[in-house]
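[1] this one's sequence-less:
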């Protein structure tokens, strides 16, 4: 049986080489797309600020200096000691933006990975087997999609309590269905391909076919969906933090900074404007990257624009 499976894998690799051109394009070609480049640059800058915050941040994110509260950004004529100004407690806004980027990236990356793995496996199983299994899984997905994801996340965080782990769990349970539907659609198209039929004809197990032959060919569209979902998760995390249902304690988050600054929006515009710009740029970067990636692997999408 092992010899037959090995032969089947060889046949599969040979046949999969004849997949459409979009499956054979190299990642180098992606760098020619402005959306891809913009997304990479924005993500790299935010990730660098988040990782290097303890080293490059000018102050402690929770250090208060009431004598310097609500100072305007130095680049707009305020104190030169605080480039982006201070908040109502005298804390440095630039420093808090850097540390806040950590929460946004951690929540986005972990949520998308966990939701992506769970949703993809479930969707691939439904699409590959079809029949009653497909019907059952898809009815669960349809019922889950009927719930507004932000309302669901708010309800779960309110029920489970605040905290980073609970926030991620709530967002995972809200976003896995998107991956399931995409994976199912891809599995339905791939399960009739020659290399899948070849593997099935020599007695390869269903698990092996799904993991070795279906999933690798499903990755490009799923990766594009994952990038777009990261943008959604960033907005969701900021929304929950704005409502006081995100990470609690002294940990700075962009959503919490927006919430704290709304009371001073007339006199200290930078307290809401700067976190808003940070969220907008990160979300825009993810969206442009994901959209360009989807168009790269499926040129038909370009004609719909």
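    Ah, there it is. Bear in mind the structure is a predicted one, so any value in this text is a computation, not a measurement.
[2] who's in contact with residue 74?
    80, 81, 82, 83, 84, 85 (CB atoms under 8 Å, 6 or more residues apart in numbering). All C-beta atoms are positioned from the backbone trio N, CA, C, and that covers glycine.
[3] got a list of what the last one touches?
    Meaning residue 85. Applying CB under 8 Å, 6+ apart, the residues near residue 85 are 70-74, 76, 78-79, 93, 268, 270-271, 274.
[4] find the nearest non-adjacent residue to it, please.
    Nearest residue to residue 85, sequence neighbours excluded (CB to CB, 6 or more residues apart in numbering): residue 73, at 4.1 Å.
[5] can you list phi and psi of that neighbour for me?
    Backbone torsions for residue 73, taken as degrees, to the nearest 10, come to phi -60, psi 140.
[6] what about it, neighbour count?
    For residue 73, the neighbour count with other CB atoms under 10 Å is 20.
[7] ok, the one 4 residues further on next?
    Using other CB under 10 Å, residue 77 has 8 neighbouring residues.
[8] against residue 269, how distant is it?
    In this view, residue 77 and residue 269 are 13 Å apart by CB to CB, to the nearest Å.
[9] related to what we said a few turns ago, distance to residue 128 and pLDDT added to the contacts of residue 74, as a markdown table?
    What follows is those, written out as a markdown table (distance: CB to CB, whole Å; pLDDT from 0 to 100):
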| residue | distance to residue 128 | pLDDT |
| --- | --- | --- |
| 80 | 62 | 78 |
| 81 | 61 | 84 |
| 82 | 57 | 85 |
| 83 | 54 | 89 |
| 84 | 52 | 90 |
| 85 | 55 | 87 |
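[10] buried ones among these?
    Neighbour counting over the contacts of residue 74 (16 or more other CB atoms under 10 Å) leaves 82, 83, 84, 85 as the buried ones.
[11] could those be laid out in CSV, adding distance to residue 226 and secondary structure?
    Shown next, in CSV, are the buried ones among the contacts of residue 74 (distance: CB to CB, whole Å; DSSP: H, G, I helix; E, B strand; the rest coil):
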residue, distance to residue 226, secondary structure
82, 37, coil
83, 34, coil
84, 31, coil
85, 35, coil
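[12] report the two of the residues you listed separated the most.
    With distances taken as CB to CB, the most widely separated pair in the buried ones among the contacts of residue 74 is 83 and 85, at 7.9 Å.
[13] in the one helix or strand residue 153 maps to, what counts as buried?
    Residue 153 is located in helix 149-160, with elements delineated by DSSP states H and E. Residues of helix 149-160 classed as buried: 149, 150, 153, 154, 156, 157 (neighbour count, 16+ other CB under 10 Å).
[14] stretch 55-66 now?
    For stretch 55-66, a neighbour-count test (16+ other CB under 10 Å) marks 57, 59, 61 as buried.
[15] so the last one: helix, strand or coil?
    Translated: residue 61. The three-state assignment at residue 61 reads coil, by DSSP: H, G, I helix; E, B strand; the rest coil.
[16] next, the contact list for it, please.
    Contacts here follow CB under 8 Å, 6+ apart; on that basis residue 61 touches 53, 91, 92, 95, 96, 98, 99, 250, 252.
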